[in-house]
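K.L.:
here are the coordinates; sequence isn't available:
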């Protein structure tokens, strides 16, 4: 399994060229289109609590995209420089995520104090130091509307260690791919042990979901599958394997399996097999959309300016939507859910736009200084 030589275009298209398989740092707008659909699922599910909208799947998509994109960028840096600047990675990651997060937590805390509402300092600490997912497990009721930060915590736990791990093994892509695959299997096995052998409580009291939903070691496979796709497409034999997946029958079959995985109401299945099945099906689906000219129609849809814009705002939407959804759901309880969502879009997009344009965008210039 040898790496794709420099200059290889990967999977060239005809009238609409697919993105090259060989890792580079070029922007892929279709990924923002995917983020737009994912954040729409997450936002709607937080209005429609207990409804049919698969918000959890939206999170899985975010995990997969993150694993794919970050690994692809690291592979590109390795190809360009022969190494990975670990310190630079951490600084860029901090500047990308933390300023907007800190503003959210400070604003919510100040608002709650001004209104005379209860405020648990540990919630603030858990949010700012990325352990809110485990805090929720032991302390389900939260004062602040920050429950959604559990998934951000999982990503940050992963990226604390992944750059170091990558630097150790990236010079042998077969070994890197093998370890990532074993790790993904290990995550599934651990969930199976928790659910079927230890028999953890899958219906905890209070406003919580099971340990297997929130815990980092139970949800890493979504990120790992994305990383595997990024690494696999950098080798000749791996790319040949990926190429065999790039057709409509495989895409449709993966979509069908993914949809069927959402049907069972059995909690044991949902908290064990479901995450692995959905992540595995995203593997060929994302590969088709990104690498194959056959799927240019899907790419053109994903790259519509409005969807790309929503994708760019998705992190800020993710941060601000939950509190707005909680307030509006209470104030507009008599209205249909879809009406609540439609009304809520205005304040959510306003808050997200302010966060993106006043906080995230200005920090981009600082991040650029830390590029290798």
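P.N.:
Received, thanks. The structure presented is a predicted model; accordingly, all values stated were derived computationally and were not measured. Numbers count the residues shown, from 1 in each chain.

K.L.:
and residue 304, how many neighbours?
P.N.:
13 (other Cβ atoms under 10 Å). Heads up, the C-betas are built off the backbone N, CA and C, glycines and all.

K.L.:
Apologies, that question was intended for residue 366.
P.N.:
12.

K.L.:
same thing with residue 216?
P.N.:
So residue 216, with other Cβ under 10 Å, has 18 neighbours.

K.L.:
likewise residue 95?
P.N.:
18.

K.L.:
right, and the helix or strand after the helix or strand hosting it?
P.N.:
According to DSSP states H and E, residue 95 maps onto helix 86-114. Sequence-wise, the next helix or strand downstream of helix 86-114 (DSSP H and E) is helix 121-128.

K.L.:
ok, residue 51 - contacts?
P.N.:
45, 337 (Cβ atoms under 8 Å, 6 or more residues apart in numbering).

K.L.:
helix, strand or coil for it?
P.N.:
Following DSSP: H, G, I helix; E, B strand; the rest coil, we place residue 51 in the coil state.

K.L.:
how close does residue 323 get to residue 125?
P.N.:
In this view, residue 323 and residue 125 are 19 Å apart by Cβ to Cβ, to the nearest Å.

K.L.:
now swap in residue 325 and tell me
P.N.:
From residue 325 across to residue 125, the span is 24 Å (Cβ to Cβ).

K.L.:
which of those two has more neighbours?
P.N.:
Taking neighbours as other Cβ under 10 Å, residue 325 and residue 125 compare with residue 325 leading, 25 against 13.

K.L.:
Give me the pLDDT for that one.
P.N.:
Listed pLDDT for residue 325 reads 88.

K.L.:
so what's it closest to, chain neighbours aside?
P.N.:
Excluding the flanking residues, the one nearest residue 325 by Cβ to Cβ, 6 or more residues apart in numbering is residue 46, at 4.5 Å.

K.L.:
any idea which element that neighbour lies in?
P.N.:
Per DSSP H and E, residue 46 falls inside helix 29-47.

K.L.:
Now do that helix: which elements does it pack against?
P.N.:
In this structure, helix 29-47 packs against helix 55-81, helix 273-291, helix 296-302, helix 305-331, helix 337-355, with contacts taken as 3 or more Cβ pairs under 8 Å, 6 or more residues apart in numbering; DSSP states H and E.

K.L.:
For residue 166, find the nearest of these.
P.N.:
helix 55-81 (5.3 Å; Cβ to Cβ).

K.L.:
Pretty sure residue 41 is one of the things residue 55 touches, is it not?
P.N.:
Yes. With contact defined as Cβ atoms under 8 Å, residue 55 counts as touching residue 41 (5.4 Å).

K.L.:
Check the burial of residue 269 by counting its neighbours.
P.N.:
For residue 269, using other Cβ under 10 Å, the count is 14.

K.L.:
any idea whether it is helix, strand or coil?
P.N.:
Residue 269 - assigned by three-state DSSP - is helix.

K.L.:
Would you check how far apart it and residue 61 are?
P.N.:
Relative to residue 61, residue 269 is positioned 20 Å away (Cβ to Cβ).

K.L.:
do residue 332 as well
P.N.:
28 Å.

K.L.:
In terms of neighbours, single out the busier of the two.
P.N.:
Between residue 332 and residue 61, residue 61 has the larger neighbour count (other Cβ under 10 Å), namely 24 against 16.

K.L.:
Might you report the residue contacts of the nearest residue to the more buried one once chain neighbours are set aside?
P.N.:
Excluding its sequence neighbours, the residue lying closest to residue 61 (Cβ to Cβ, 6+ apart) is residue 38, at 4.2 Å. Residue 38 makes contacts with 58-59, 61-62, 65, 314, as judged by Cβ under 8 Å, 6+ apart.

K.L.:
Run through the strands of the stretch 151-300 of the chain in chain order.
P.N.:
Ranges of strands within the stretch 151-300 of the chain: none, based on DSSP state E, counting those that start in this stretch.
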